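S.K.: Pasting a predicted model and its sequence here:
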Amino acid sequence: MIPKELKYTKDHEWVRVEGNMAVVGITHHAQSALGDVVYLELPKAGTTVSAHQPLGVVESVKAVSDIYSPISGKVVESNQDVVGAPQQVNQDPYGKAWMVKIEIKDQGELNALLDAAAYEKLLKDTAH
Amino acid sequence: MADLLRTPLYEVHQRAGARLVPFAGYEMPVQYKGVIEEHEAVRNAVGLFDVSHMGEVEIRGPKALDVAQRLVTNDVAAIQDGQAVYSGLLNEKGGFVDDIVVYRFSPTRIFICVNASNRHKDFEWMRSQARGEAEVVDRSDEFAQIAVQGPKAAQLVQRLTTTKLDDIKTYHFAVGEVAGVKDVIISRTGYTGEDGFELYIPAQDGAQVWDALMDKGQDLGVRPIGLGARDTLRLEMKYALYGNDIDDDHTPLEAGLGWIVKLQKGDFIGKKVLEEQKARGVTRKLVGLEVEDGRIARHGYKVVDEKGAVIGEVTSGTQSPSLKKAIAMAYVPTALSAVDSRVLVDIRGKPAPARVVKTPFLDKGKK
């Protein structure tokens, strides 16, 4: 459940780079750890975000958790469909449940993200 | 998780692929498939809960009933042998040492189910307060406990016992054989708002009964249920959870549990404080809230007024899987405790409007 073409953060967000845009969501592992997602809070279009800063909030029956921005830039769109149907985060974390599109400020920051192999290793190392 | 205890059903949960977490000193299943799916299985069919972590304390001897009457808030003299009551076990200040279910086998044998996290504290308290007038025995390690809950629970349990379950009314119990295991206490009680049973089984036979219930319940849609759904199910009914909604500093009258306090019976621990509190009126009350922006008001979040001053506290909260609404329990000032009163909950620095609603949140009568 770790698509090869995406980049990842240690905090379990994923990033799909489309030109100068970064599409961001949370990983399969993250949704599975959270359990049934019931509420999402995402930034409005136009909001400026910084790498490693809270981008939004994802809330499950069990817990509430911050979503961190993998990258600095400007939010050009946030996915209102998933805000209205947060269970999509559990059902289709890499597809319908994308959360925001960010206009990338510094392409260099992408180098700090994990590739699929490195993210897979992170999950293995933290599993008990 | 080296220091955690395991219930007699630990291996059953591992086999079923449960996610295990530390709870009250035990390694317990929090979920098997998912909280919402498990919640719905209990509301619509039948679910099995391992509640073996709960404690069992027995009071024995010629004066057992008198001792129990002094310890608990409900009236154990007013019920029959074979009947049970939900009750408070209070300290001298009228606060909860624990909330318990008291089973009357006979006036000389009273059996009490206590919360796992309070087991040792309760036992010590009951023993000291018994003042040697009755024997108080911690029997917790002798039992596995399985709760079978849901509209199809009776149908399922009946397939495994010759005891006529129709004869066991709500909050009554019998001792019988279940799935070939003798001496099972079959109690028509639960913590979900559904019909069902809590089975107290000799510890070594717990897995046998669990496996038989799973096996014989396939066509009924039986599912194993974790602590996650146990919490959403009890919350929809506004059933209190010790440590969240009630504790040493809150009395039954404040918690809306006046019905378990029988002031007209003889003396009991905490009675004086409750009499005074009743005469004066309580200053805070535990109410049900519906949070209107959909965010979840969680344990410890503050209830605030328009200026942001703290006026109360959220004790439990979740998204109700049955109602698809954010619900919570909170202590609020008595003046704001009536249905339709409006309050604010500080959810991570942003006030969320909330309304006091009728409880139980889930109206089983209308369903």
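M.R.: Here it is on my side, so go on.
S.K.: Going by C-alpha atoms from here, please, whenever you check contacts or count neighbours.
M.R.: Noted.
S.K.: what residues are up against the closest residue to chain B within chain A?
M.R.: Proximity of chain A to chain B (C-alpha to the nearest C-alpha) peaks at residue A:61, 5.9 Å away. Shown in contact with residue A:61 (C-alpha atoms under 8 Å, 6 or more residues apart in numbering or on different chains): A:35-38, B:35, B:318-319.
S.K.: Show me what from the stretch 201-350 of chain B comes close to chain A.
M.R.: Contacts of the stretch 201-350 of chain B with chain A, taken as C-alpha under 8 Å from any C-alpha of the partner chain, map to B:228, B:294-296, B:318-319.
S.K.: could the contacts of residue A:61 be laid out in TSV, adding neighbour count, distance to residue A:25 and secondary structure?
M.R.: TSV is the format used below for the contacts of residue A:61 (neighbours: other C-alpha atoms under 10 Å in any protein chain shown; distance: C-alpha to C-alpha, whole Å; DSSP: H, G, I helix; E, B strand; the rest coil):
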residue	neighbour count	distance to residue A:25	secondary structure
A:35	22	16	coil
A:36	25	16	coil
A:37	24	13	strand
A:38	29	16	strand
B:35	26	22	helix
B:318	27	24	strand
B:319	29	22	strand
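S.K.: Which of the residues you listed sits closest to residue B:77?
M.R.: Lowest distance from residue B:77 to those (C-alpha to C-alpha) belongs to residue B:318, with 37.7 Å.
S.K.: any idea how far the closest one is from residue B:325?
M.R.: 8 Å (C-alpha to C-alpha, to the nearest Å).
S.K.: ok, now residue B:299?
M.R.: Distance from residue B:299 to residue B:325, by C-alpha to C-alpha: 17 Å.
S.K.: try residue B:16
M.R.: Counting by C-alpha to C-alpha, the gap from residue B:16 to residue B:325 is 30 Å.
S.K.: The two: which is more packed in?
M.R.: residue B:325 (19 against 12; other C-alpha atoms under 10 Å in any protein chain shown).
S.K.: pLDDT score assigned to that one?
M.R.: On pLDDT, residue B:325 comes in at 95.
S.K.: and if you look at the one 3 residues further on?
M.R.: Per-residue confidence for residue B:328 comes out at a pLDDT of 98.
S.K.: got a list of what the residue lying closest to it once chain neighbours are set aside touches?
M.R.: With sequence-adjacent residues excluded and distances taken as C-alpha to C-alpha, 6 or more residues apart in numbering or on different chains, residue B:328 is closest to residue B:317, at 3.9 Å. Neighbouring residues of residue B:317 by C-alpha under 8 Å, 6+ apart: B:235, B:296-299, B:326-329.
S.K.: Tell me the secondary structure at residue B:317.
M.R.: strand (DSSP: H, G, I helix; E, B strand; the rest coil).
S.K.: how distant is the helix or strand where residue B:232 lies from the center of its chain?
M.R.: Under the criterion of DSSP states H and E, residue B:232 resides in helix B:227-236. Distance of helix B:227-236 from the chain centroid (C-alpha atoms, centre = their mean, to the nearest Å) equals 10 Å.
S.K.: if I read this right, residue B:123 contacts residue B:140, doesn't it?
M.R.: No - counting by C-alpha atoms under 8 Å, residue B:123 stays clear of residue B:140, with 10.3 Å between them.
S.K.: Can you pull the residues that touch both of the two?
M.R.: residue B:57.
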